[in-house]
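>>> need a structure here:
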Amino acid sequence: MLAGERGNFGVGAAWRMTRVILRHKDSECWLALSGAWYAPSGAEEVMWMRAAADNCIIGHSRNWRPWLDSTGNPFASTVDTGRVDRDRAERRAKVRELFHFE
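Below is the predicted model:
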């Protein structure tokens, strides 16, 4: 920290610094906030930009990028949340019936 600077920042200063970080779409902060599940290399990004320019991306929009596609994420939860919610609701109903909860 430079001499004469304060150690804490206000919300406005923090937001200005955050906006600078988020302007760079190749930053890992932007990727994390946008839901990317991995950070592509520069060569991979260039390959996808070239494929979009040449209309070579088949089956997806021109703006589709695999690192932003949650269906290909090997780290994503494999549990069907709809099924879990239904099962949980059924179990809760059984508990309410068993203990005569309203």
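
>>> give the contact list for the residue nearest the centre of the chain.
Most central in the chain under Cα atoms, centre = their mean is Gly35, positioned 1.3 Å from the mean C-alpha point. Neighbour list for Gly35: Leu68, Ser70 [criterion: Cβ atoms under 8 Å, 6 or more residues apart in numbering]. Every residue, glycine included, has its C-beta placed from N, CA and C.

>>> tell me the predicted confidence for it.
Looking at Gly35, its pLDDT reads 78.

>>> how far away is it from Ala43?
22 Å (Cβ to Cβ, to the nearest Å).

>>> could you list the low-pLDDT ranges of this protein?
1-9, 77-82, 102 (pLDDT under 70).

>>> is it correct that Glu45 is in contact with Lys25?
No: the pair Glu45 / Lys25 is not scored as a contact, 9.3 Å apart, by Cβ atoms under 8 Å.

>>> for the helix or strand hosting Ala51, give me every contacting residue.
Using DSSP states H and E, Ala51 maps to helix 42-53. Helix 42-53 is contacted by residues Asp26, Pro40, Cys56, Ile57, Arg62, Asn63, Arg65, Pro66 when judged by Cβ under 8 Å, 6+ apart.

>>> mind putting the residues you listed into TSV with neighbour count, distance to Phe99 and secondary structure?
Putting the contacts of helix 42-53 into TSV (neighbours: other Cβ atoms under 10 Å; distance: Cβ to Cβ, whole Å; DSSP: H, G, I helix; E, B strand; the rest coil) gives the following:
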residue	neighbour count	distance to Phe99	secondary structure
Asp26	10	56	coil
Pro40	17	53	coil
Cys56	11	61	coil
Ile57	15	56	coil
Arg62	12	57	coil
Asn63	9	53	coil
Arg65	16	51	coil
Pro66	15	49	helix
